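>>> Turn this into a structure:
(4 chains)
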There are 2 protein chains.
Amino acid sequence: MMPRIDLTTIDEGSPAERHERADAAANRALILQTAERLFAEYGVANVCMATIAEAAGVGKGTLYRRFASKGELCLALMDSQMSTFQAEALARFRQQTRAGASYLTQLGDFLEALVFFTDRHAPLLAEVQHGGLLRTETPLNLPHFWQFMTVSALLRSAARNGELAAGLDIDYIGEALLSPLQIDIFRFQRDGRGYTLERIAAGLRGLVSLLGEHPT
Amino acid sequence: MMPRIDLTTIDEGSPAERHERADAAANRALILQTAERLFAEYGVANVCMATIAEAAGVGKGTLYRRFASKGELCLALMDSQMSTFQAEALARFRQQTRAGASYLTQLGDFLEALVFFTDRHAPLLAEVQHGGLLRTETPLNLPHFWQFMTVSALLRSAARNGELAAGLDIDYIGEALLSPLQIDIFRFQRDGRGYTLERIAAGLRGLVSLLGEHPT
DNA sequence: GATATTAACGGACTAGAGTCCACTTGTCAA
DNA sequence: TTGACAAGTGGACTCTAGTCCGTTAATATC
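Below is the predicted model of the structure:
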């Protein structure tokens, strides 16, 4: 249903699988470790790239060779947790489908899980999304990409299964359901409006439930 | 229903209405004119504050005294058009209510108008929103503020009028309906996905119509 | 083991947003 | 008219993201 996306191989899918030089790989690991430590100590937004480079004992050029922007660095730091999240979501879908749950129910559950994921990784996601959704040549939009693919696939399954009201623009609705999880809006709702995660999740579920077929 | 917000008086609501010094007022006008000209010629994103200051023949300090950020400058440039948009929306609401249109219909119309407004002012809005929704002490969130007030008021009227399905979180839905109009998402849909304005407007209308009461 | 190739490296550099502060000037009250 | 002072002014300064390019060194081949 949803393609598994492995961030670590997205760039280097070339024929001969040319491997990274040993020193480069060591630096990559060093940089990631260093960034993680500094981010944990001072907060993602308060640590600048020059500081990371210095703390890791490499030049800025090296840092930027490994990670084309602060956003990509942050994305790399979330990589394993994104993979885990994806894998768990897939497992849940299979299990729920087997148990006969409707696709709309699965969509609601997925969005709820995404609310908590977004909350946990808000600082990193903020940097990732500052890189912009639009720049399709970078991997920065990968989170949104697979989120959309997932939501879209569930909506299509729901439609095929006769769960959806007629006349809906499924692609548009996929985007619309995900919009409130864009980090700026999410943070505004959470910190500005003071909405709890539960309220946000319930709100999204409410929208999903409206998509169900109604005997008008 | 919706408070009319006048950006020009938002800062100086103090008792004695202390007036701006003449030279300062002249500079404000000069800066606005200059910025408008440069933005038109080179594009909002390609003109930096230092250039505006230089072209206007003032120092950067002066520029930043008048407008605390590039976003505020952009907001000031949209001021009159925002007021016009608001006034027209209000007039339309009155007329539609008189003609017996449902509040949900009015909400759909309002969102459609907002799609076109957002499209027309996308470059300026991008700068405004980069200032951040969260910083409530600046006027940068005014556009979202009045948009939300309007949507929220319409939803409440609809609820009072028995047009809404039961059990909805009206405030949350207000935010959710506006999220796809956040500039990053809007641009992604328009430029990245290639959705037409008509499709976006129709998508939003579709969501609004789902809010209607269903005989489940 | 020597050598050529090519990636990796580092840090000076650019660019743009926003801050600071010493200096100037319009305004108002006496 | 004048003088005090709040308001206004200019531009050097800081901070951060991201780029460039001359130098260095790991690897692969002979």
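>>> in chain A, what spans have low per-residue confidence?
The model of chain A has pLDDT under 70 over residues A:1-19, A:214-216.
>>> now the residue minimising distance to the centre of it, what's its secondary structure?
The residue lying closest to the centre of chain A (CA atoms, centre = their mean) is A:Pro143, at 3.1 Å. Following DSSP: H, G, I helix; E, B strand; the rest coil, we place A:Pro143 in the helix state.
>>> doesn't A:Val128 make contact with it?
Yes - A:Pro143 is in contact with A:Val128 according to CB atoms under 8 Å; the separation is 6.6 Å. C-beta: built from backbone N, CA, C; applies to glycine.
>>> Between these two, which contacts overlap?
Here A:Pro143 and A:Val128 have A:75, A:78 as joint contacts, going by CB atoms under 8 Å, 6 or more residues apart in numbering or on different chains.
>>> so what's the closest residue to A:Gly131 other than its chain neighbours up against?
Spatially, and ignoring its direct neighbours in sequence, A:Gly131 is nearest to A:Gly71 (3.4 Å; CB to CB, 6 or more residues apart in numbering or on different chains). A:Gly71 is in contact with A:127-131, A:138, A:140, counting by CB under 8 Å, 6+ apart.
>>> Out of these, list just those in strands.
Secondary structure defined by DSSP state E assigns none of the contacts of A:Gly71 to strands.
>>> of all these, which comes closest to DNA strand D?
Checking the contacts of A:Gly71 against DNA strand D with CB to the nearest atom of the strand, the nearest one is A:Gly131 at 6.2 Å.
>>> Run a quick neighbour tally on that closest one.
Counted by other CB atoms under 10 Å in any protein chain shown, the residues lying close to A:Gly131 total 19.
>>> For stretch A:51-65, which outside residues touch it?
Residues from elsewhere that reach stretch A:51-65, judged by CB under 8 Å, 6+ apart: A:27, A:30-31, A:33-35, A:37-38, A:49-50, A:73.
>>> tell me the contacts of A:Ala201?
With contact set as CB under 8 Å, 6+ apart, A:Ala201 has these partners: A:111-112, A:115-116.
>>> you'd agree A:Leu168 is in a strand?
No - looking at A:Leu168 with three-state DSSP, it is coil, so not inside a strand.
>>> thought it was touching B:Gly206?
Yes - the pair A:Leu168 / B:Gly206 is scored as a contact, 5.9 Å apart, by CB under 8 Å.
>>> Just give the closest residue to A:Glu20, not the sequence neighbours.
Nearest non-adjacent residue to A:Glu20, counting by CB to CB, 6+ apart: A:Arg28, 7.5 Å away.
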